[in-house]
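Colleague: Structure for this input, please:
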Amino acid sequence: MASSVADPLDITALYRRYGDLVLGRCRTLLRNEADAQDTVQEVFLKLHRYRDSFRGESSPSTFLFKITTTTCLNRIRTRKRRPEDPVEELPAVREGTESVLDRLAVRDLVDRLLAGQDERTQDCVVYHYVDGMTHDEVGELLGISGAAVRKRISTFRTSLRDAPPSWLAEIAP
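Modeller: Have a look, this model is predicted:
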């Protein structure tokens with residue numbers, strides 16, 4: 001598929017250029033190779049399907065990154081509604097001081113902390129804390145101001161501090 005003036009998104013070229021980055025992002029968020037591979041295909045299908053919603057206000061890679069993250073977060077939410085065999089979701093063992101069980105415990109904690117939050121707040125928290133993006137970068141990606149991102153994260157942190165979930169007391173030292 002060739003790029004033209006009417007079609008600023010050359011899906012084939014974007015796949016060649018960013019396919020590995022999209023796969024890496026999916027692996028990071030999903031922590032499951034099979035889901036990551038499936039999600040890459042889904043991301044590029046969505047990119048093709050929603051190409052008309054690309055307004056050119058950001059780069060095609062930013063648009064692709066947003067679709068990737070949203071698709072991964074939706075897959076994680078679906079997993080929570082319809083859990084499968086938990087063995088499939090074990091993260092790959094990587095060298096380092098952190099054990100597989102430690103990473104699972106941290107991931108479970110983050111999932112449980114975010115469970116009661118709206119999707120926009122979940123996105124802000126994941127982009128900021130997991131991806132290390134600044135408030136302004138998150139805001140640009142989500143189409144809101146950096147101040148709005150900062151406020152959502154601050155409200156999230158305040159709500160956890162002022163009214164921590166009851167289960168948190170059980171695991172706190």
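
Colleague: make it CA atoms for all contacts and neighbour counts henceforth
Modeller: OK.

Colleague: For the residue nearest the centre of the chain, which three-state class applies?
Modeller: Closest to where the C-alpha atoms of the chain average out (CA atoms, centre = their mean) is residue 69, at 3.7 Å. Look at residue 69: counting by DSSP: H, G, I helix; E, B strand; the rest coil, its state is helix.

Colleague: Next up, the contacts around it.
Modeller: Going by CA atoms under 8 Å, 6 or more residues apart in numbering, residue 69 touches 25-26, 29.

Colleague: shaky segments in this structure?
Modeller: Residue ranges of the chain with pLDDT under 70: 1-8, 81-108, 167-173.

Colleague: Would you map the helices across it?
Modeller: 11-30, 33-49, 60-81, 100-114, 119-125, 135-142, 146-162, 166-171 (DSSP state H).

Colleague: Okay, the closest residue in space to residue 42 that isn't next to it in sequence and residue 154: tell me how far apart.
Modeller: Nearest non-adjacent residue to residue 42, counting by CA to CA, 6 or more residues apart in numbering: residue 71, 7.9 Å away. According to CA to CA, to the nearest Å, residue 71 stands 25 Å off from residue 154.

Colleague: In terms of neighbours, single out the busier of these two.
Modeller: residue 71 (18 against 13; other CA atoms under 10 Å).

Colleague: If I follow the layout properly, that one ends up in contact with residue 43?
Modeller: Yes. Counting by CA atoms under 8 Å, residue 43 is a contact partner of residue 71 at 6.8 Å.

Colleague: contacting residues around the closest residue to residue 62 other than its chain neighbours?
Modeller: Sequence neighbours aside, residue 141 is the residue nearest to residue 62 in space, at 6.9 Å (criterion: CA to CA, 6+ apart). Taking CA under 8 Å, 6+ apart, we find residue 141 in contact with 62-63, 66.
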